[in-house]
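Student: starting from these lines, generate the structure:
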Amino acid sequence: MKKDDHTMKEVAERCTRFSPCGCKSGSCQNDSSNSTQENVSCKFCAHYTEPDVCDIDLYREIVKNHDL
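Tutor: Predicted coordinates:
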C-alpha cells in the first residue's frame, strides 16, 4: 500500500472525514472537511496515526476505490 506524500494528499482530498489536526483537542468548529482546507493531507488530519495512517480505516478504502 502506497503511503507517500502524493497519495496521502489525494486520499485526504477525497475523504469526507478529513479533520484538520486542531480538531484533536475538540476545539474544531467543523468536524469534517476536504479539499477546501489548506494543507490537505492525511498527515494533517486528526485521524492520522503511524504506521497505519488512518485510525478510522478510511485510507485503504479510498486508495482501493479510487485506484490510487
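Student: how about the helices in this protein?
Tutor: Ranges of helices in the chain, per DSSP state H, are 5-14, 59-65.
Student: for the ones you listed, which one sits closest to residue 42?
Tutor: Counting by Cβ to Cβ, residue 42 lies closest to helix 5-14 out of the helices of the chain; the figure is 4.0 Å. Yep, even glycine has a C-beta here, placed from its N, CA and C like the rest.
Student: so where's the protein shaky on pLDDT?
Tutor: By pLDDT under 70, the low-scoring segments of the chain are 22-38.
Student: mind listing the strands for it?
Tutor: Assigned by DSSP state E, the strands in the chain fall at 48-49, 53-54.
Student: contact partners for residue 39?
Tutor: Neighbouring residues of residue 39 by Cβ atoms under 8 Å, 6 or more residues apart in numbering: residue 20.
Student: list the contacts of residue 40.
Tutor: 9, 12-13, 18, 34.
Student: let's have those residues in JSON lines, adding distance to residue 58 and neighbour count.
Tutor: Formatted as JSON lines, the contacts of residue 40 follow (distance: Cβ to Cβ, whole Å; neighbours: other Cβ atoms under 10 Å):
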{"residue": "9", "distance to residue 58": "15", "neighbour count": "17"}
{"residue": "12", "distance to residue 58": "10", "neighbour count": "27"}
{"residue": "13", "distance to residue 58": "13", "neighbour count": "16"}
{"residue": "18", "distance to residue 58": "9", "neighbour count": "26"}
{"residue": "34", "distance to residue 58": "12", "neighbour count": "13"}
